[in-house]
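> test case, fold it:
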Amino acid sequence: MSNNIVNEKITSPNVILISESGENLGKKNKFDSIQLARKSSLDLVQVGIDASTQLPICKICDYGKMKYHKSKSQKGNKHHAKVLKEIKISYTIDQHDLDIKVKKIIELLSHGHKVNYIMELKGLEKKHVNDGVLRIEKSLELIRPLSTINVQKINFESKVINLIYCIAPVSKQ
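As a prediction, the model looks like this:
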């Protein structure tokens, strides 16, 4: 449950109660359960619904502390996720700038991220698709030992041609 129901907001007159130590106390009256929680300066929090009896399962705990730990665990999970990164270059990029982009790709690959390497060709640059492919291929020579290139495609849109290379880090075996 993403939004837990707390104390008086629990609608059922009876609940299945779990103590703060995790012990199942069985079916109890909601008001008695709330009083029991308040004696310990804690809250009665609905954590689920019993499938067989359709009664809410409620735990005696500190609701603020519970919310804090849940948000911390969700933040931690988000931080370690490997995501698809995107590096865009233009046809007129200088060699030094291209070298910096290649170093950035190598850094992203070392962290385990996949990278979409895209060259955009606009206007008159669209006549030089082959030159754009050669430039990207030349810059990829430094990256090839560290990665596998999954997808190579040319995407013809209305005003822009995209040369797209999907680069994944080499799997460690």
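> tell me the helices in the protein, going along the chain?
Assigned by DSSP state H, the helices in the chain fall at 30-39, 63-79, 95-110, 129-140.
> measure residue 113 to residue 94 for me?
As for residue 113, its distance to residue 94 is 25 Å (criterion: Cβ to Cβ, to the nearest Å). (C-beta placed from N, C-alpha, C; glycine too.)
> who has more neighbours out of these two?
Taking neighbours as other Cβ atoms under 10 Å, residue 113 and residue 94 compare with residue 113 leading, 17 against 8.
> report the contact partners of the more buried one.
Contacts of residue 113 were listed using Cβ atoms under 8 Å, 6 or more residues apart in numbering, and they are 82, 83, 84, 85, 169.
> ok, residue 98 next?
Residues counted as contacts of residue 98 (Cβ under 8 Å, 6+ apart) are 89, 135, 139.
> what's the closest of those to residue 159?
Within the contacts of residue 98, proximity to residue 159 (Cβ to Cβ) peaks at residue 89, which comes in at 17.4 Å.
> may I see the PyMOL selection of the buried members of the contacts of residue 113?
When burial is assessed using 16 or more other Cβ atoms under 10 Å, the buried subset of the contacts of residue 113 is captured in PyMOL by this command:
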select buried, resi 85+169
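> which ones among the contacts of residue 113 map onto strands?
Those of the contacts of residue 113 mapping onto strands are 84, 85, 169, per DSSP state E.
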